[in-house]
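J.: what follows is a protein structure lacking sequence information:
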């Protein structure tokens, strides 16, 4: 009976209902959209540091992450690589040798950071191969090719097909030097990568560095980057001796801080946006209860108990809340879908910002995340209930006789 | 004070601290020390032994120089690195890599980098030659045998070291030790000279030991096996073409 009553009451003053519902729909869908944009920005940042460089989880020889010393390397066992490959959480596993040195072309020489990789494995770890602005990605078996950052390529004055000299100090103390042919150029928008990073084939770099069979790290991408810390702890227990495991939140502690502060600011944003909407709802219901004082009086005179009156008003609020939520979720979802597929390019107005080890790209792009839907939903319902509570109490406390007489 | 006392004091001062009285030009002295291997021109062969925690290597090199602005050095042995060469003209440095048959100009960002894998940097090749222009030298202390001469960078000079102290033997003005300090006056590196010999009309140390202070297990020793001075070399010899000869 109460449900029917509530439903009729909602339908009775359509304009009022429409205004209240639309306030909640607009605030919830915009909140969902802005949280999804936040998520998109954060995942861009995380991706620039992990999917364009570190990977989510990194296995190295003991001490390499602290020392970054060329001699702290290891020879990866095939068995170990297979185990990593077959783990259900891993998307990609790429053994890498790192080297620093000088790239030189004609009269230009610039320092570069090289990653010696197996191109096929690396493609599953970093997305650099999908960000080419020219040329092609390293081909399997291509020995002396290089894919380098666009800014570095510009400074050197090289295009795909050109030759480059790499000079470094090899592990035996000799001056390692060899020729490379530019296969491709990538542009990530992240200054760190575009300015200095280059991918070369692992066997080539092992030869130049006089480190046959050795690597500095195994970079791994996982299905759920945010669960990498947990996974890393599990892996640590099963590592061969002499190796250690790191994940992005220990490699990039600033990024972890950003994530933590994001979780808090998400709640704060939800509260701010909704408290405005909540005041609107509160106002509407108060007016509705005042208008219907007589009606409540009659209902109570007919034997409706105060608790039932309270329940009636609360049900109306909740029903409107649920309705708004439904429409809000759909609208928010559609807006997010649009912004995740199309987005807005801001590169005409902004340049990439590197912050906390990651790069924020000049674009608005949304990303779907479950949190961004259920947190706003829950908050919306809570606010609705709170906003309904006061008018409901007022209605419940009415004295039937005086209420009926009221004009 | 009678005249004879004055003379006695003067003679004593002259004997004990000849530098004060003679008014030695320290800038000039340090310049001479830094140019001890150059002369007007020079040609030498040397052994360089580099030792680090992870490897050791020994290179045989042949070098030519003209005044202090031209310098060419080429690795003769081992075979793997034969032909690798460095040319310095004024303040620029080029390396030649025979493997890839390329000449590479060392960019400013790598001037602090190791030269030929040793504890000598590219900057040492370039800046050492101009040390008397970038630093102000003063006598810090002396005894009967040696001077200790302290160099402090001039305000406007772009330098690597915050302070340099040369220990120079008085008798023949041969350097014994050079200590290099950073901006905090912390000792960073020493170069010790040994095996002092007379070559032609010059007395020079044939051995030079570069010791980084923070890595006591590492060392670079440069030993001149042959050195000849004042040869008929011209500036045109120090060319990129010559650099690429094997």
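T.: Structure's in. What do you need? Just so it is clear, the model here is predicted, and its values are computed rather than measured.

J.: what about chain B, any weak spots by pLDDT?
T.: By pLDDT under 70, the weakly predicted segments of chain B are B:1-23, B:246.

J.: can you pull out the helices in it?
T.: B:3-16, B:18-22, B:26-34, B:122-127, B:131-134, B:240-243 (DSSP state H).

J.: do the stretch 201-350 of chain A as well
T.: Using DSSP state H, counting those that start in this stretch, the helices of the stretch 201-350 of chain A run over A:202-208, A:228-238, A:248-251, A:253-291, A:293-301, A:306-341.

J.: for chain B, which residues are neighbours of chain A?
T.: When proximity is defined as Cβ under 8 Å from any Cβ of the partner chain, chain B approaches chain A at B:50, B:52-57, B:80-81, B:84, B:95, B:97, B:99-100, B:102, B:104-107, B:109-110, B:114, B:116-117. The C-beta positions use only the backbone N, C-alpha and C, and glycine is treated the same way.

J.: emit the PyMOL select command for whichever of these are buried.
T.: Command for PyMOL that selects the buried part of those, burial taken from 16 or more other Cβ atoms under 10 Å in any protein chain shown:
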select buried, chain B and resi 50+52+57+81+84+95+97+99+100+102+104+105+106+107+110+114+116+117
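
J.: for the strand ranked longest in chain B, packing partners?
T.: Longest strand in chain B, counting residues (DSSP state E): strand B:187-199. Strand B:187-199 sits against strand B:175-181, strand B:202-212, strand B:219-229, with contacts defined as 3 or more Cβ pairs under 8 Å, 6 or more residues apart in numbering or on different chains; DSSP states H and E.

J.: take the residues of chain B next to chain A and keep only those in strands.
T.: Using DSSP E, those in strands are B:50, B:56, B:57, B:95, B:97, B:102, B:104, B:105.

J.: got the contact list for the residue most central in space within chain B?
T.: When Cα atoms, centre = their mean is applied to chain B, the residue found nearest the centroid is residue B:34 (4.9 Å). The contact partners of residue B:34, taken as Cβ atoms under 8 Å, 6 or more residues apart in numbering or on different chains, are B:68, B:128, B:129, B:131, B:132.

J.: need the residues you listed in TSV with distance to residue A:252 and neighbour count, can you?
T.: Formatted as TSV, the contacts of residue B:34 follow (distance: Cβ to Cβ, whole Å; neighbours: other Cβ atoms under 10 Å in any protein chain shown):
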residue	distance to residue A:252	neighbour count
B:68	48	17
B:128	41	18
B:129	44	22
B:131	43	24
B:132	48	21
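
J.: reformat those as a markdown table; add distance to residue A:257.
T.: What follows is the contacts of residue B:34, written out as a markdown table (distance: Cβ to Cβ, whole Å):
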| residue | distance to residue A:257 |
| --- | --- |
| B:68 | 53 |
| B:128 | 46 |
| B:129 | 49 |
| B:131 | 47 |
| B:132 | 51 |
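
J.: next, the closest residue to chain B within the stretch 301-407 of chain A: secondary structure please.
T.: Of all residues in the stretch 301-407 of chain A, residue A:354 sits closest to chain B, at 19.7 Å by Cβ to the nearest Cβ. For residue A:354, the secondary structure call by DSSP: H, G, I helix; E, B strand; the rest coil comes out as strand.

J.: for it, which non-adjacent residue is closest in space?
T.: residue A:191 (5.5 Å; Cβ to Cβ, 6 or more residues apart in numbering or on different chains).

J.: next one: residue A:32
T.: Closest to residue A:32 by Cβ to Cβ, 6+ apart is residue A:332, at 3.0 Å.

J.: if I pick that neighbour, what's in contact with it?
T.: A:28, A:29, A:30, A:31, A:32, A:33, A:36, A:373, A:376.

J.: contacts only, for residue A:73.
T.: Residue A:73 is in contact with A:61, A:64, A:97, A:211, A:214, A:215, A:216, counting by Cβ under 8 Å, 6+ apart.

J.: again but with residue A:200, I slipped
T.: Shown in contact with residue A:200 (Cβ under 8 Å, 6+ apart): A:114, A:115, A:116, A:117, A:138, A:144, A:145, A:146, A:166, A:180.

J.: in strands, which of these fall?
T.: A:114, A:115, A:116, A:117, A:145, A:146, A:166, A:180.

J.: neighbour-wise, which one of those leads?
T.: residue A:146 (29 neighbours; other Cβ atoms under 10 Å in any protein chain shown).

J.: bridging residues for that residue?
T.: residue A:182, residue A:200 (DSSP bridges).

J.: let's have the helices of the stretch 201-350 of chain A in TSV, adding mean pLDDT.
T.: Listed next are these as TSV, based on pLDDT from 0 to 100:
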stretch	mean pLDDT
helix A:202-208	94
helix A:228-238	86
helix A:248-251	84
helix A:253-291	80
helix A:293-301	83
helix A:306-341	88
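
J.: those helices into CSV, with extra columns for distance to residue B:75?
T.: Below are these laid out as CSV (distance: least, Cβ to Cβ, whole Å):
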stretch, distance to residue B:75
helix A:202-208, 18
helix A:228-238, 46
helix A:248-251, 40
helix A:253-291, 45
helix A:293-301, 101
helix A:306-341, 58
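
J.: residue B:233 is nearest to which of the ones you listed?
T.: When the helices of the stretch 201-350 of chain A are compared by Cβ to Cβ, helix A:202-208 sits nearest residue B:233, at 35.3 Å.

J.: report the distance from that closest one to the chain centre.
T.: Relative to the centre of its chain, helix A:202-208 is centred 35 Å away, using Cα atoms, centre = their mean, to the nearest Å.

J.: what's in contact with that helix?
T.: Against helix A:202-208 from outside (Cβ under 8 Å, 6+ apart): A:95-97, A:99, A:114, A:116-118, A:143-144, A:166, A:168, A:170, A:176-178, A:180, A:212-215.

J.: apply 7 Å and report the result again.
T.: A:95, A:97, A:99, A:114, A:116-118, A:143-144, A:166, A:168, A:170, A:176, A:178, A:212-214 (Cβ atoms under 7 Å, 6 or more residues apart in numbering or on different chains).
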